[in-house]
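*Asks:* just a sequence and a predicted model for now, questions to come.
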Amino acid sequence: MAYDADFGEWVREHFHALGRLEIKRMFGGAGVYASGVMFALLDDGIVWLKGYEALGEAFVEAGSRQFTYPTKDGRTMSMGYWTLPETALDDPDEAVAWARRSLEVAVKKAAGKKPSKR
């Protein structure tokens, strides 16, 4: 994972309607937090939004791809993060709508509740 501070500033501007965001470096990338809850990862110029099963289908329909990584034994593992849909890259309103849905999932997950499939 790689994090670029300029990209972090773009994310802050793009998602400004969410209010104050914290971006914390982790594993070479960065986590994006709103109200103390991490809802996104930044890596190599890609915004990965938390979605788990609750938003997986919606992300697939929007053309997003799921975060995957290879293991040492050659398997491919996936995580509950999806790319910000391409159409939202140039549309802050759409990006914020996706981010709010992702944040809702993250808050429910943090509270131990099963996120709903909207």
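*Replies:* Thanks, I have it.

*Asks:* which SS class is the most centrally placed residue in the chain?
*Replies:* Nearest residue to the geometric centre of the chain (Cα atoms, centre = their mean): residue 49, 1.6 Å. Put simply, residue 49 is strand when judged by DSSP: H, G, I helix; E, B strand; the rest coil.

*Asks:* and the closest residue to it other than its chain neighbours, how far from residue 5?
*Replies:* Nearest non-adjacent residue to residue 49, counting by Cβ to Cβ, 6 or more residues apart in numbering: residue 102, 3.9 Å away. Yep, even glycine has a C-beta here, placed from its N, CA and C like the rest. Going from residue 102 to residue 5 by Cβ to Cβ, to the nearest Å gives 22 Å.

*Asks:* between these two, point out the one with more neighbours.
*Replies:* Neighbours were counted for residue 102 and for residue 5 using other Cβ atoms under 10 Å; residue 102 has more, 27 against 10.

*Asks:* what's the neighbour count on residue 23?
*Replies:* Neighbours around residue 23, by other Cβ under 10 Å: 18.

*Asks:* that one is in contact with residue 10, isn't it?
*Replies:* No - applying Cβ atoms under 8 Å as the test, residue 23 and residue 10 come out as separate, 10.9 Å apart.

*Asks:* returning to that earlier point: tell me the pLDDT of the residue nearest to the centre of the chain.
*Replies:* At residue 49, the predicted lDDT confidence score is 97.

*Asks:* which residues are in contact with it?
*Replies:* Contact partners of residue 49, counting by Cβ atoms under 8 Å, 6 or more residues apart in numbering, are 39, 40, 55, 59, 81, 82, 83, 84, 98, 99, 101, 102.

*Asks:* same thing but at 6 Å, please
*Replies:* For residue 49, the contact set (Cβ atoms under 6 Å, 6 or more residues apart in numbering) comprises 40, 82, 84, 98, 102.
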